[in-house]
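1. Dropping a prediction and its sequence here:
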Amino acid sequence: DGGITQSPKYLFRKEGQNVTLSCEQNLNHDAMYWYRQDPGQGLRLIYYSQIVNDFQKGDIAEGYSVSREKKESFPLTVTSAQKNPTAFYLCASTESGTSGGRYFGPGTRLTVT
Amino acid sequence: GQQLNQSPQSMFIQEGEDVSMNCTSSSIFNTWLWYKQEPGEGPVLLIALYKAGELTSNGRLTAQFGITRKDSFLNISASIPSDVGIYFCAGQLTRNQFYFGTGTSLTVIP
């Protein structure tokens, strides 16, 4: 089945450590996105990538980094510079063309203590 | 980034009732989408609308793309307990101009 996978579902880290969240898609979508969602809140865009080896900052990129070495993969690193890293992280991808709907993965809940 | 205004913010309804929610923006969009998110899960795309005035159904769900292109509506008929969740609208102008609504939390009382 085609879809987006994120792993792990739950992640726990100590403050001061970097952590990398995985996102893989087999939908053959060009564009991929990372969002952050805080309890009771909407989604905020962290980073996005339209093609391999290219990515752009979203609205809240500070303290995060990404890479896009393969079309299928768009990992997100939450660095120690991110002041409030505990959140629910969602990866998404989009069909080609301007009107393609955005499809989401199941999310990773990161808790930093 | 821009955020779309959704209303109501939350709804508590009896099983079997119909539900209506809407999403408004100060900007026009080319595409309107509706998502449902259950606790601890990613949003799932329910309906996508591509043309002003378009009315599209998906089972008990019906959504409309407003004529002005600045709003959209979602109706759920004969609600059931599994309809519980948060419903988000999203407006899209280009592939990277994509904005989410503030969400409507739906609780269905059996």
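-> That came through, no problem.
2. Please give me every residue in contact with B:Ala90.
-> Taking Cβ atoms under 8 Å, 6 or more residues apart in numbering or on different chains, we find B:Ala90 in contact with A:102, B:4, B:32-35, B:98-101. From N, CA and C alone the C-beta is placed, and that goes for glycine too.
3. okay, it: pLDDT?
-> Note on B:Ala90: pLDDT of 94.
4. Tell me which helix or strand it sits in.
-> Secondary structure from DSSP states H and E places B:Ala90 in strand B:85-94.
5. Tell me the buried residues in that strand?
-> B:85-93 (16 or more other Cβ atoms under 10 Å in any protein chain shown).
6. before we move on, back to that, got TSV for the contacts of B:Ala90, with distance to B:Thr68 and secondary structure too?
-> Listed next are the contacts of B:Ala90 as TSV, based on distance: Cβ to Cβ, whole Å; DSSP: H, G, I helix; E, B strand; the rest coil:
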residue	distance to B:Thr68	secondary structure
A:Arg102	23	strand
B:Leu4	14	strand
B:Trp32	12	strand
B:Leu33	17	strand
B:Trp34	18	strand
B:Tyr35	22	strand
B:Phe98	19	strand
B:Tyr99	16	strand
B:Phe100	20	strand
B:Gly101	16	strand
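7. neighbour-wise, which of those leads?
-> B:Trp32 (31 neighbours; other Cβ atoms under 10 Å in any protein chain shown).
8. could you say which helix or strand contains the closest residue to it other than its chain neighbours?
-> Of all residues beyond its chain neighbours, the one nearest B:Trp32 is B:Ser72 (3.9 Å), with distances taken as Cβ to Cβ, 6 or more residues apart in numbering or on different chains. Applying DSSP H and E as the criterion places B:Ser72 in strand B:71-76.
9. Adjacent strands (with direction) for that strand?
-> Neighbouring strands of strand B:71-76 in its sheet, by DSSP bridges, are strand B:19-24 (antiparallel), strand B:61-65 (antiparallel).
10. least trustworthy helix or strand in chain A by mean pLDDT?
-> Lowest on mean pLDDT, DSSP states H and E among the helices and strands of chain A sits strand A:102-104, with a mean of 90.
11. hmm, it in reach of chain B?
-> Yes: where contact is defined by Cβ under 8 Å from any Cβ of the partner chain, part of strand A:102-104 touches chain B, namely A:102-104.
12. Nice, that's everything, thank you.
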